[in-house]
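Chemist: for reference, the sequence and a predicted model appear below.
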Amino acid sequence: MTATEEYAVSANHTTDSRGSSLTELFSGILADVQTLVKQQVGLIRAEFLEDLRRTKQVAQCLAIGAIFLVVGTIMMMVAGVHLVQYLTQWPEWAAWASVGGAAILLGAISVFVGSRILTKYNPLPDKSFHALQENVSCLTNQPK
């Protein structure tokens, strides 16, 4: 074998070695990205399920409390009507109207406050989405 042939064979061997090294490097990077995405999806899912569990517990407590509040409120409104009629000697319809008007006012205030609270509440897993956004930003070399 001549020197030129030996050089060509060794050059091909080096290229093949580098080619396989680059292939291994890219496949390693791809595997790491896949692992990272799987972990991020798992984190988002776990955070979402935790938020869902907490929301379910809160909803159950609120539902039970709301049932008792409705029954108690109805009983107190009937008693309030009789009290207003007894104290003021108004006709029965006027006593019902005054108690009903007060109930409407309190209900409107409660709905307003509840809607304000609801607009500030976000059930989505913000922490996980932020971490995923940072990871994607780092992988694509883009600033936030």
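Modeler: Alright, I've got the coordinates.

Chemist: so where is this structure shaky, pLDDT-wise?
Modeler: Low-confidence segments of the chain (pLDDT under 70): 1-20, 122-126, 142-144.

Chemist: mind running it again at 50?
Modeler: 4, 7-16 (pLDDT under 50).

Chemist: where do the helices sit along it?
Modeler: 3-88, 92-120, 126-139 (DSSP state H).

Chemist: just name the most buried of those.
Modeler: Mean neighbours per residue, mean count of other CB atoms under 10 Å, is largest over the helices of the chain for helix 126-139, with a mean of 13. C-beta coordinates here come from the backbone N, C-alpha and C atoms, glycine included.

Chemist: residues contacting the residue nearest to residue 90 when sequence neighbours are not counted?
Modeler: Of all residues not flanking residue 90 in the chain, residue 84 sits nearest, at 6.7 Å (CB to CB, 6 or more residues apart in numbering). Residues in contact with residue 84, defined by CB atoms under 8 Å, 6 or more residues apart in numbering, are 90, 95, 98-99.

Chemist: can I get those residues in TSV with distance to residue 34?
Modeler: Output for the contacts of residue 84, formatted as TSV (distance: CB to CB, whole Å):
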residue	distance to residue 34
90	76
95	71
98	68
99	65
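
Chemist: of those residues, which is the nearest to residue 33?
Modeler: Nearest to residue 33 among these: residue 99, at 65.5 Å, using CB to CB.

Chemist: measure that closest one to residue 85 for me?
Modeler: For residue 99, the distance to residue 85 (CB to CB, to the nearest Å) stands at 10 Å.
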